[in-house]
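K.L.:
Predicted coordinates and the sequence they were generated for:
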Amino acid sequence: MNNDFIIQKPFNSHLQKLVDYYFFIDIPISALALKEENVIPFPRITFGYFFDHPFSVTNHSTEETIIADMIISRISKNQISVKPLTDRVKIIGAHVRPFTLAYLTDENISKMPWLIRTKDLFGNNAQNFKDNITKCSNPQQMFIEVENIFLKTILVKDLNIVVEAISHIESHKGTISISMLADSIGVSSRTLRNHFNKSIGCSPKEYIHLVKLKQAIFQMKHSTDSLTSVSYSQNYADQAHFTNTFKNITGKSPKKIRENIPDFRFLQF
């Protein structure tokens, strides 16, 4: 395990269904290849507390910049970049499943900001979390505090439709049609779309695109396969479709993405 980057699976059995893993990173900026990076759209939500080392987060789709010290993202196809504002990256956080945000609020997720300040989500628990983190002497203790803030906020809800739909999408690696997806869980395509917009913040089709994008970039990073091979292995119709999908979502071609896979590993891939 790299001591600069530590991950931990949830301790609580219920949260194991909602959280992929907690992470901690503490590294000088000088150790990173790039000082500003694009956050490639990702079929997961990220919670992060940046200690005394805030980030500038820019949404190039909306031309908005936020200084982030403790935030949670939502599923989005917006083109976003992040830039550390100090000489160090130090973050405690979590990658969570796409429906987890809906368990933390009764708001319509599609109506929420692209980047959510956690004090608006966790209330007083947000400040308590910050206070408790300062008393921790190691990442394992911090992971417990991350788990506690989720357990204190989580709501009892029936999200079976989106949970089951996402399970189908990911098990089919994004190759399932919307009509087949709706039929497999016994709802109409319209009902499925409404549930996704309210509880995930995007349409089922958009989520499928993000799943395929993640798989393609993972293959591009961890193999020497040609871009043509990647496009066919991820079930794109042809390389032109592959390239156009990449540009529409990320603003960059697959070739450019491959040349600049993010160095901020805690964010994705």
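P.N.:
Looks like it arrived, so ask away.
K.L.:
secondary structure class for residue 66?
P.N.:
strand (DSSP: H, G, I helix; E, B strand; the rest coil).
K.L.:
Which neighbouring elements make contact with the worst-scoring helix or strand of the chain on mean pLDDT?
P.N.:
The weakest-scoring helix or strand in the chain, judged by mean pLDDT, DSSP states H and E, is strand 37-39 (a mean of 79). Helices and strands touching strand 37-39, as assessed by 3 or more Cβ pairs under 8 Å, 6 or more residues apart in numbering; DSSP states H and E, comprise strand 80-84. Yep, even glycine has a C-beta here, placed from its N, CA and C like the rest.
K.L.:
Mind listing the strands the strand it packs on pairs with, and their directions?
P.N.:
Using DSSP bridges, strand 80-84 pairs in its sheet with strand 37-39 (antiparallel), strand 55-59 (antiparallel).
K.L.:
quick one: the longest one to strand 64-68, angle?
P.N.:
Regarding strand 55-59 and strand 64-68, their directions subtend 160 degrees when assessed with axes from the mean of the first three to the mean of the last three Cα atoms, to 10 degrees.
K.L.:
coming back round to it: okay, the helix or strand following the least confident helix or strand of the chain in PDB with CA atoms only?
P.N.:
Per DSSP states H and E, strand 37-39 leads on to strand 45-49 as the next helix or strand towards the C-terminus. Coordinates of each C-alpha in strand 45-49 appear next as PDB, following Å, rounded to 0.1, in the frame of the first residue of the first chain:
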ATOM      1  CA  ILE A  45     -20.000  10.400  -5.900                       C
ATOM      2  CA  THR A  46     -17.000  11.800  -4.000                       C
ATOM      3  CA  PHE A  47     -17.000  13.200  -0.500                       C
ATOM      4  CA  GLY A  48     -13.900  15.100   0.500                       C
ATOM      5  CA  TYR A  49     -12.600  17.200   3.400                       C
END
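K.L.:
in the stretch 101-250 of the chain, which ranges drop under the pLDDT threshold?
P.N.:
For the stretch 101-250 of the chain, no stretch has pLDDT under 70.
K.L.:
Just say which of the strands paired with strand 80-84 is most tucked in.
P.N.:
strand 37-39 (a mean of 20; mean count of other Cβ atoms under 10 Å).
K.L.:
starting at the chain centroid, how far to that strand?
P.N.:
12 Å (Cα atoms, centre = their mean, to the nearest Å).
K.L.:
about what we covered before: could the strands paired with strand 80-84 be laid out in CSV, adding distance to residue 249?
P.N.:
Below are the strands paired with strand 80-84 laid out as CSV (distance: least, Cβ to Cβ, whole Å):
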stretch, distance to residue 249
strand 37-39, 11
strand 55-59, 14
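K.L.:
To residue 209, which of these lies closest?
P.N.:
strand 37-39 (16.0 Å; Cβ to Cβ).
K.L.:
What lies in contact with the helix or strand harbouring residue 219?
P.N.:
If you go by DSSP H and E, residue 219 is part of helix 204-222. Contact partners of helix 204-222, identified using Cβ atoms under 8 Å, 6 or more residues apart in numbering, comprise 40-43, 75, 77, 98, 165-166, 169-170, 173-174, 176, 178, 181, 192-193, 196, 200, 202, 225, 227, 230-231, 233-236, 242, 245-246, 249-250, 254, 257-258, 261, 268-269.
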